[in-house]
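K.L.:
predicted model and sequence follow; I will ask about them next.
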Amino acid sequence: MPTARQQEFESLIAPHLSSLYSTALRMTHNQNDAEDLVQDTLYKAFRAFDQYQKNTNFRAWAFRILVNTYITAYRKAIRQPQKVSYDDLEEFYLYKKLDESISLQETAKEDFLENFFEDDVKDALENLPYQFRLVVLLCDVEGFSYNEIANIINTPLGTVMSRLYRGRKLLQRYLWSYAKKRGYVLNEKN
Amino acid sequence: MKKTNQKKYDCAEIEKRVQAYLDNHLSDEEILMIEDHLSYCLPCDKKVEFEQKLKEIIKLKAAEKEYPKALEDELKKIIRNR
């Protein structure tokens, strides 16, 4: 028979398996590694469960363990920062590109977004350098607030914001290049 | 408290704040200033709406709907074995 504590842990963490796995998959790029990462996270979280303070943000607590486990396991791989040029990262990149190249109607611009394949969006995310990817996933996919993210990745709020904003701009640039490759944008001028 | 000498935001200021605005990370005063601008500036309004839509699409398309059943078994094992 499981004890009350074991049951409590299980009932707290079970609803988050899907989002922990989802984040792990985007971070590790493959299913086996993602599964291993979540397993390690579950194991560590259960061992550390005594340190979890009742009625505080369990979801953020579990994600913090996931992120730490990821960073420890992938230390070597993430030590070499990817080189990215930030020179022409501007706000509303995708919108402006759509506007200047095909002058789509507003509804067509929304259809353009709807038409992205899931795999394109996932690929674009997975191509982001890992620090950017992590904050974009935590904010846009998992819906954490800036403060929660700062706590999860143990980084100052200002850094979270700058990574998030840059990450999203970079993501728009990747999405635009997928759109061109896939032929979503047909009559591009020039 | 009402500020009477409040300057209005221009388009550049909307651009600077759009992400924090969509993430609900601005003060009430900033939100009012932005929404005031959006109420009369159609180009900004369209862009902000597009960004909002993009954010929704990313959430919708990037979240995994399924996860391996093995994780549930693993969770039970971890809990029972200790």
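P.N.:
On my side now, so go ahead.
K.L.:
which elements pack onto the longest helix anywhere in chain A?
P.N.:
Of all the segments assigned as helix in chain A under DSSP state H, the longest by residue count is helix A:157-182. The contact analysis (3 or more C-beta pairs under 8 Å, 6 or more residues apart in numbering or on different chains; DSSP states H and E) places helix A:157-182 against helix A:93-102, helix A:118-127, helix A:130-136, helix A:146-153, helix B:11-22. C-beta: built from backbone N, CA, C; applies to glycine.
K.L.:
now do the longest one: which elements does it pack against?
P.N.:
Which is helix B:11-22. Contact partners of helix B:11-22 among helices and strands, from 3+ C-beta pairs under 8 Å, 6+ apart: helix A:157-182, helix B:28-40, helix B:42-62.
K.L.:
residue ranges with poor pLDDT in chain B?
P.N.:
Within chain B, the ranges that satisfy pLDDT under 70 run B:1-6, B:82.
K.L.:
contacts made by the one helix or strand residue A:45 maps to with the rest, please.
P.N.:
Using DSSP states H and E, residue A:45 sits in helix A:31-47. Residues outside helix A:31-47 that contact it (C-beta atoms under 8 Å, 6 or more residues apart in numbering or on different chains): A:9, A:13, A:17, A:20-21, A:24-25, A:27-28, A:61-62, A:65-66, A:69-70, A:73, B:67-68, B:70-71, B:74-75, B:78-79, B:82.
K.L.:
now with 7 Å, please.
P.N.:
Helix A:31-47 is touched from outside by A:9, A:13, A:20-21, A:24-25, A:28, A:62, A:65-66, A:69-70, A:73, B:68, B:70-71, B:74-75, B:78-79, B:82, with contacts defined as C-beta atoms under 7 Å, 6 or more residues apart in numbering or on different chains.
K.L.:
which of these are buried?
P.N.:
For those, a burial check counting by 16 or more other C-beta atoms under 10 Å in any protein chain shown picks out A:9, A:13, A:20-21, A:24-25, A:28, A:62, A:65-66, A:69-70, A:73, B:68, B:71, B:74-75, B:78-79.
K.L.:
centre-most residue in chain A?
P.N.:
Centrality entry for chain A: nearest residue to the mean C-alpha point is residue A:137, 1.7 Å, by C-alpha atoms, centre = their mean.
K.L.:
contact partners for that one?
P.N.:
So residue A:137 contacts A:23, A:26, A:125 (C-beta under 7 Å, 6+ apart).
K.L.:
and if you look at residue A:132?
P.N.:
Residues in contact with residue A:132 (C-beta under 7 Å, 6+ apart) are A:163, A:166-167, A:170.
K.L.:
most neighbours of all those, which one?
P.N.:
residue A:167 (24 neighbours; other C-beta atoms under 10 Å in any protein chain shown).
K.L.:
just to revisit the earlier point, now the contacts of residue A:137 in a markdown table, with distance to chain B and pLDDT?
P.N.:
Putting the contacts of residue A:137 into a markdown table (distance: C-beta to the nearest C-beta, whole Å; pLDDT from 0 to 100) gives the following:
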| residue | distance to chain B | pLDDT |
| --- | --- | --- |
| A:23 | 9 | 97 |
| A:26 | 7 | 96 |
| A:125 | 6 | 96 |
